[in-house]
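**Student:** Below are the sequence and a predicted model; questions follow.
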Amino acid sequence: MSINQDYWNKRRVLITGHEGFLGAWLTKVLVGCGSEVVGLDKVIDRENTVLHEVSGKFEGIEGNIADFNLVKKIMDDFKPQTILHIAAEAIVGVANKNPIATFESNIQGTWNILEAARDNKELEGIVAASSDKAYGSHENLPYTEDIALHGDHPYDVSKSCSDLLCRSYFLTFKVPVCVTRCGNIYGPGDHNFSRLIPDAVCCALKEEQFIIRSDGEFTRDYIYVEDVVNAYLTLAEKMKVLKLEGEAFNFSNDRPLSVLDVFKRISSNVNKKNVEPRILNEAQFEIKHQYLSSQKAKDILSWESQFSIDEGLKDTISWYATNVLDVKEASSNR
Ligand SMILES: NC(=O)c1ccc[n+]([C@@H]2O[C@H](COP(=O)([O-])OP(=O)(O)OC[C@H]3O[C@@H](n4cnc5c(N)ncnc54)[C@H](O)[C@@H]3O)[C@@H](O)[C@H]2O)c1
């Protein structure tokens with residue numbers, strides 16, 4: 001990973017959602033670069049995350065980003081120079097069950113960060129997590145950053161809204177913020193077993209049948225978490241010098257795969273008995289083909305995905321093979 005250590009060393013960085021899959025990776029890498037990290041998450045001190053490698057070397061605050069007074073207090077006390085705003089209800093199925101809580105975390109939480117950041121004179125940049133889902137459904141593929149944002153269902157709408165809030169706070173108040181739009185991120189440390197790769201890897205390791213809710217032909221991007229960490233840090237580092245505030249960037253490896261393709265690659269990388277998947281063909285509210293162009297990130301940021309799907313899967317499978325039982329137990333306690 002090519003990270004500019006000098007830029008990050010001793011930098012004050014606030015990471016929301018630092019205990020989640022991506023937030024934990026960002027925290028681990030930034031602590032390793034010498035950054036002074038404060039994290040804010042509604043659940044802290046989780047078992048078996050990649051954060052344990054840096055425990056005691058950052059401050060983790062337990063609290064809700066929907067609580068403006070808390071967010072403002074952290075902003076005023078810590079005065080972050082960089083904010084990585086990652087916290088969100090990130091699971092589509094949970095968002096469909098709990099839309100209000102999802103809107104509070106994802107939309108209100110984002111406006112709280114942006115509003116509190118308005119008075120922070122030391123702030124150089126915010127990178128906020130949007131998603132490919134913010135685009136909703138479009139005929140023209142791959143998606144580029146200039147197409148309209150029109151999510152249809154709770155998670156997608158929460159991401160369309162939070163993405164637009166970032167743009168609005170830059171255009172109206174000059175809050176220096178960029179958004180990232182990624183497809184499916186995968187890698188070691190993801191405790192969200194409703195996601196395809198953690199679920200499929202665990203089934204393959206345990207020689208259990210993998211259930212595919214769709215017809216198996218839905219296509220998506222799958223991007224390795226270290227590529228995403230590199231994307232966030234590259235964008236945070238370059239946004240001021242390249243005057244990118246207010247911009248959105250897609251990050252993808254430009255190689256979309258179907259669910260069945262992913263399943264086959266996992267099976268071929270796991271040294272276990274091959275169990276055929278069960279295809280239910282009952283995916284509700286889901287977009288059939290969705291994938292991103294990362295040309296803008298390549299042209300402007302000189303960012304490019306470094307991990308092939310097979311390289312990423314090898315590391316991922318090895319992490320679940322070592323941690324899978326503990327991880328499943330830990331996730332069932334959430
Ligand atoms: N993982 C992916 O495939 C993917 C793809 C595109 C975008 N994203 C976005 O990237 C971000 C990180 O995703 P992830 O995979 O790490 O998800 P995650 O669920 O592992 O992590 C999200 C973290 O946010 C915290 N959180 C949620 N609501 C909160 C609240 N109200 N207050 C404080 N903390 C709260 C959770 O406790 C969790 O630790 C999210 O914004 C997600 O929408 C993820």
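**Tutor:** In hand now; what should we look at? Numbering: from 1, shown residues only.
**Student:** rest of the way, CA atoms for contacts and neighbours
**Tutor:** Fine.
**Student:** Quick check: closest non-adjacent residue to residue 148.
**Tutor:** Leaving aside its sequence neighbours, residue 148 sits nearest to residue 135 (C-alpha to C-alpha, 6 or more residues apart in numbering; 6.3 Å).
**Student:** Equivalent analysis for residue 297, please.
**Tutor:** Using C-alpha to C-alpha, 6+ apart, the closest residue to residue 297 is residue 303 (5.6 Å).
**Student:** who touches the one you found in this structure?
**Tutor:** 231, 234, 297 (C-alpha atoms under 8 Å, 6 or more residues apart in numbering).
**Student:** Those residues of the stretch 151-300 of the chain touching the ligand, which are they?
**Tutor:** 182, 183, 184, 185 (C-alpha under 6 Å from any ligand atom).
**Student:** Around the closest residue to residue 106 other than its chain neighbours, how many other residues sit close by?
**Tutor:** Leaving aside its chain neighbours, residue 106 sits nearest to residue 88 (5.0 Å; criterion: C-alpha to C-alpha, 6+ apart). When neighbours are counted by other C-alpha atoms under 10 Å, residue 88 registers 24.
**Student:** what number of residues lie near residue 271?
**Tutor:** Counted with other C-alpha under 10 Å, residues neighbouring residue 271 total 10.
**Student:** which SS class is it?
**Tutor:** Counting by DSSP: H, G, I helix; E, B strand; the rest coil, the backbone at residue 271 sits in coil.
**Student:** quick one: contacts for the closest residue to residue 133 other than its chain neighbours?
**Tutor:** Residue nearest to residue 133 in three dimensions, not counting chain neighbours: residue 156, with 4.9 Å by C-alpha to C-alpha, 6+ apart. If you count contacts by C-alpha under 8 Å, 6+ apart, residue 156 has them with 133, 134, 135, 136, 150.
**Student:** any idea what sits nearest the residue of the chain positioned farthest from its centre, other than its immediate chain neighbours?
**Tutor:** The C-alpha centroid of the chain is most remote from residue 273, which lies 31.9 Å away (C-alpha atoms, centre = their mean). With C-alpha to C-alpha, 6+ apart as the criterion, residue 273 has its nearest non-adjacent residue at 6.1 Å, and that residue is residue 207.
**Student:** any low-confidence regions in this protein?
**Tutor:** 1, 284-285, 325-334 (pLDDT under 70).
**Student:** ranges for the strands of it?
**Tutor:** Here the chain has its strands, by DSSP state E, at 12-16, 36-41, 59-62, 82-85, 125-129, 177-182, 184-186, 211-212, 219-220, 222-224, 248-251, 257-258, 278-279.
**Student:** Reformat those as CSV; add mean neighbour count and distance to residue 26.
**Tutor:** Shown next, in CSV, are the strands of the chain (neighbours: other C-alpha atoms under 10 Å; distance: least, C-alpha to C-alpha, whole Å):
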stretch, mean neighbour count, distance to residue 26
strand 12-16, 25, 8
strand 36-41, 23, 10
strand 59-62, 17, 13
strand 82-85, 26, 9
strand 125-129, 26, 12
strand 177-182, 25, 14
strand 184-186, 20, 13
strand 211-212, 18, 30
strand 219-220, 21, 23
strand 222-224, 25, 13
strand 248-251, 26, 16
strand 257-258, 18, 26
strand 278-279, 14, 35
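**Student:** Mind putting these into CSV with distance to residue 96?
**Tutor:** Shown next, in CSV, are those (distance: least, C-alpha to C-alpha, whole Å):
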stretch, distance to residue 96
strand 12-16, 23
strand 36-41, 21
strand 59-62, 25
strand 82-85, 22
strand 125-129, 19
strand 177-182, 20
strand 184-186, 18
strand 211-212, 19
strand 219-220, 20
strand 222-224, 23
strand 248-251, 25
strand 257-258, 23
strand 278-279, 22
